[in-house]
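Novice: whatever this is, show me its structure:
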Amino acid sequence: MNQNVQHSSAWVTFTYVSFGASAFMVAVGVYFLPVDLWIKGYLTMGILMLVQCCVTLTKTVRDMHESTRMVNRIEDAKAERLLMEVSKTP
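Specialist: Sure, this is the predicted structure:
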């Protein structure tokens with residue numbers, strides 16, 4: 001069973017544009033907040049750390065999924081080899 005998902009270029013473009021638009025809107029919102037500069041800096045650092053953590057979490061979840069798939073492939077190959085050996089014996 002092939003689990004490789006190919007995303008369309010429209011979907012990839014949509015995700016990039018959505019990320020850029022949301023980052024821009026948050027940046028404008030923080031810029032126009034009627035608070036001191038140090039509070040704006042604190043909010044900006046928090047937002048940047050949140051984005052970094054989201055990227056790291058996404059990569060970790062994907063890596064865990066990919067490693068599980070490889071283990072399953074190896075186990076399936078071992079089981080298939082065993083079945084072939086059993087079916088060859090009369």
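Novice: strands along this protein, start to end?
Specialist: Counting by DSSP state E, the chain has no strands to list.
Novice: quick check, central residue of it?
Specialist: With distances taken as Cα atoms, centre = their mean, the residue of the chain nearest its centroid is residue 58 (3.2 Å).
Novice: now for it: which residues touch it?
Specialist: Going by Cβ atoms under 8 Å, 6 or more residues apart in numbering, residue 58 touches no other residue. For every residue, glycine as well, the C-beta is placed using N, CA and C.
Novice: quick one: pLDDT of it?
Specialist: The score at residue 58 is 94. That number is its pLDDT.
Novice: any figure for the gap between it and residue 10?
Specialist: Separation of residue 58 from residue 10 (Cβ to Cβ, to the nearest Å): 21 Å.
Novice: same check on residue 83?
Specialist: Using Cβ to Cβ, residue 83 is found at 43 Å from residue 10.
Novice: same check on residue 88?
Specialist: 50 Å.
Novice: so how far is the helix or strand of the chain with the lowest mean pLDDT from its chain's centroid?
Specialist: Scoring the helices and strands of the chain by mean pLDDT, DSSP states H and E places helix 37-88 at the bottom, with a mean of 89. Distance of helix 37-88 from the chain centroid (Cα atoms, centre = their mean, to the nearest Å) equals 8 Å.
Novice: same thing with stretch 21-30?
Specialist: On Cα atoms, centre = their mean, the centre of stretch 21-30 falls 22 Å from that of its chain.
Novice: list the contacts of that stretch.
Specialist: Applying Cβ under 8 Å, 6+ apart, the external contacts of stretch 21-30 come out as 40, 43, 44, 47, 51.
Novice: which of the residues you listed are buried?
Specialist: Among the contacts of stretch 21-30, none is buried by neighbour count (16 or more other Cβ atoms under 10 Å).
Novice: could you dump these to JSON lines with distance to residue 28?
Specialist: Below are the contacts of stretch 21-30 laid out as JSON lines (distance: Cβ to Cβ, whole Å):
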{"residue": "40", "distance to residue 28": "12"}
{"residue": "43", "distance to residue 28": "12"}
{"residue": "44", "distance to residue 28": "12"}
{"residue": "47", "distance to residue 28": "12"}
{"residue": "51", "distance to residue 28": "16"}
